[in-house]
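Novice: what's the 3D shape of this:
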Amino acid sequence: MIGRARSLLFVPGSRPDRFESAARSGADLVVIDLEDAVEPAARPAARTAAREWLARSPAVVRVNGSTTDDHEADLAALSGSPELVAVMLAKAETPDQVERVHRRLGVPVLPLVETAAAIEGIRQLARHAAVPRLVLGTLDLAAELGARPSWEPLLAIRTGLVVASAAAGIAPPVDGVTVELDEAEAVRADVRRAAGLGFHGKLCLHPRQVPLVHEALRPTDDELAWADGVLAARGPVARVDGRLVDAPVRARARALLARAGRHEEAADDE
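Specialist: I've put the predicted structure just below:
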């Protein structure tokens, strides 16, 4: 599920009253946040709330970065939690940081790539055995770079995450948040642009963003009809609607069907 998750919905660890509604939102993964969404004074109570939730219900937890005072306390609170799906490591920069979290908790680690140092070491992060996919933290990264947290300034970095993920053989990366909570089209547009680059998931700040992400990531009817036609064509090289069909084109068609949940049909052609 981690590698196929389309929507990862944040919920503040300091708001356990919202955990249940987040779980019912339809999000593929709920991420209990112990970092940015929680004031430092509220973090001890947030850790307790997260641990209590994880005793009975699954979730990912975002923990504070390895160089912070809160990091060790976060890991200690999560140790032994039976429903901990994965840890999202804020400001992850090195494989050693990932290894330490994985060794302590025994679950997959999602590095949140949001510093210049992380970008420099992105290939090493992607290749760590405990990393199922990368996550882009656009707001913190843009702040460190002195860039706008908009599409164009971070385009090359997004492409870098996609390339590093593909080279490491892990799932496509997860794109950062869209802060416009009341603008549905802004969410859809961000998701479509990211999907065009090779992202297959998105961080969400509000439950209303979840169905918008799923809708925007689902291939259109025209795309699915094209994929069906491509996979129906036989021979190593074929012609469909006046266009060449070969192995890379079939691979794209299978990927489109898989994104629509038609995994068996995509696999049948292989």
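
Novice: What is the end-to-end distance of stretch 126-143?
Specialist: Distance between the boundary residues of stretch 126-143 (Cα to Cα, to the nearest Å) amounts to 23 Å.

Novice: Could you measure from the residue nearest to residue 5 when sequence neighbours are not counted over to residue 44?
Specialist: Sequence neighbours aside, residue 28 is the residue nearest to residue 5 in space, at 3.8 Å (criterion: Cβ to Cβ, 6 or more residues apart in numbering). Bear in mind the C-beta positions are built from the backbone N, C-alpha and C, glycine included. Distance, residue 28 to residue 44, by Cβ to Cβ, to the nearest Å: 29 Å.

Novice: Ok, residue 194 next?
Specialist: Residue 194 sits 36 Å away from residue 44 when distances are taken as Cβ to Cβ.

Novice: For beta bridges, what are the partners of the residue nearest the centre of the chain?
Specialist: Centroid-nearest residue in the chain: residue 174, 2.9 Å away (criterion: Cα atoms, centre = their mean). Beta-bridge pairing for residue 174 (DSSP bridges): residue 135, residue 201.

Novice: mind listing what residue 187 touches?
Specialist: Applying Cβ atoms under 8 Å, 6 or more residues apart in numbering to residue 187 gives the contacts 178, 180, 209, 212-213, 216.

Novice: Just the pLDDT for the closest residue to residue 74 other than its chain neighbours.
Specialist: Of all residues beyond its chain neighbours, the one nearest residue 74 is residue 63 (3.9 Å), with distances taken as Cβ to Cβ, 6+ apart. pLDDT for residue 63: 98.

Novice: Help me confirm that residue 63 comes into contact with residue 76.
Specialist: No: using Cβ atoms under 8 Å, residue 63 is not in contact with residue 76, being 10.5 Å away.

Novice: out of the two, which sits in the more crowded spot?
Specialist: Shown here are residue 63 and residue 76; by other Cβ atoms under 10 Å, residue 63 has more neighbours (29 against 12).

Novice: distance of the more buried one from residue 111?
Specialist: Residue 63 sits 12 Å away from residue 111, going by Cβ to Cβ.

Novice: low-scoring stretches of the stretch 151-270 of the chain, by residue?
Specialist: 222, 226, 235, 238-239, 242, 246, 262-270 (pLDDT under 70).

Novice: which residues in it form strands?
Specialist: Ranges of strands in the stretch 151-270 of the chain, per DSSP state E, counting those that start in this stretch, are 174-175, 201-204, 238-240, 243-245.

Novice: circling back: which of residue 28 and residue 44 has more residues huddled nearby?
Specialist: residue 28 (18 against 13).

Novice: show me what contacts that one?
Specialist: Per Cβ under 8 Å, 6+ apart, neighbours of residue 28: 1, 4-8, 201.

Novice: and these, which are buried?
Specialist: Among the contacts of residue 28, those classed as buried by 16 or more other Cβ atoms under 10 Å are 4-8, 201.

Novice: Could you export those as CSV, including secondary structure and distance to residue 151?
Specialist: Listed next are the buried ones among the contacts of residue 28 as CSV, based on DSSP: H, G, I helix; E, B strand; the rest coil; distance: Cβ to Cβ, whole Å:
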residue, secondary structure, distance to residue 151
4, coil, 25
5, coil, 22
6, coil, 20
7, strand, 20
8, strand, 20
201, strand, 17
